[in-house]
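Q: Here is a sequence with its predicted model. Questions after.
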Amino acid sequence: MISIPNFITVLRVFLVPVFIMAVFYGKFKIALFTFLVASFSDALDGFLARKLKQVTSLGVILDPLADKSLIDSGYLLFSFYEKVIPVWLTVLVISRDVLILFGGWLLSTFGKFEKIKPTYLGKVTAFLQFITILLVLVSVNYGIIGMEGLYVLFYLTAIFTVASAVHYTYRGIRELNGG
């Protein structure tokens, strides 16, 4: 039987194509609602997994993939289709994700799977990436955030994204070299 947190994560995976189609067809209120539900479910599944002591290997893998699918699709759509997020930021966000996936694969290959854990810097980065998409959605829906305000957030997100990528790279190399 599937655990409740994993079930919620799977539901979040199914929200990703809904989000993509909503943005693609200009249904930004639906996209915002879908993004908010997915974000809430991310917090809920993590909380329940810890509270119910139902942290599983599937959840450890599926949860970040669900998050990255949602975030990366948002960055891609709002860079190349809606042209709100600068392409350079999307390249940074996705490059960091590819780097982390590659690093995780390397650590797993060398039997250090248990060493793959998010850091505080990584969590702040993920939060800023979520907030960036959220505020872009609020902006395209309601126009209450100007491009100047969004650009401050874009630069802040970029700084943390690069710092996090460097930090994870350093930690991964240190682990592969014996700790």
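A: Ah, there it is.
Q: ok, and what's touching the helix or strand hosting residue 105?
A: Secondary-structure assignment from DSSP states H and E places residue 105 in helix 87-109. Applying C-beta atoms under 8 Å, 6 or more residues apart in numbering, the contact partners of helix 87-109 are 68, 71-72, 75-76, 78-80, 113, 115-116, 125, 129, 132, 154, 157-158, 161-162, 164-165, 168-169, 172, 175-176. For the C-beta atoms, the positions are set from N, CA and C on the backbone; glycine is no exception.
Q: Would you write a PyMOL line that selects the buried entries of the residues you listed?
A: Selection command for PyMOL covering only the buried members of these, criterion 16 or more other C-beta atoms under 10 Å:
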select buried, resi 68+71+72+75+76+78+79+115+116+125+129+132+154+157+158+161+164+165+168+172+175
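Q: Out of the contacts of helix 87-109, which sit inside helices?
A: Using DSSP state H, 68, 71-72, 75-76, 125, 129, 132, 154, 157-158, 161-162, 164-165, 168-169, 172, 175-176 are the members of the contacts of helix 87-109 that sit in helices.
Q: ok so, going back, only C-alpha atoms, please: export the helix holding residue 105 in CSV.
A: The C-alpha trace of helix 87-109 is given here as CSV (Å, rounded to 0.1, in the frame of the first residue of the first chain):
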residue,chain,number,x,y,z
VAL,A,87,16.5,33.3,-19.8
TRP,A,88,19.7,33.6,-17.8
LEU,A,89,17.9,32.9,-14.6
THR,A,90,16.2,29.8,-16.0
VAL,A,91,19.5,28.5,-17.3
LEU,A,92,21.0,28.9,-13.7
VAL,A,93,18.0,27.2,-12.0
ILE,A,94,17.9,24.3,-14.4
SER,A,95,21.7,23.9,-14.5
ARG,A,96,21.8,23.7,-10.7
ASP,A,97,19.1,21.0,-10.8
VAL,A,98,21.1,19.0,-13.4
LEU,A,99,24.2,19.4,-11.3
ILE,A,100,22.4,18.2,-8.2
LEU,A,101,20.9,15.2,-10.1
PHE,A,102,24.3,14.3,-11.5
GLY,A,103,25.9,14.7,-8.1
GLY,A,104,23.2,12.5,-6.5
TRP,A,105,23.7,9.9,-9.1
LEU,A,106,27.5,9.9,-8.5
LEU,A,107,27.1,9.7,-4.7
SER,A,108,24.6,6.8,-5.2
THR,A,109,27.0,5.1,-7.6
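Q: now it: mean pLDDT?
A: What helix 87-109 shows for mean pLDDT is 93.
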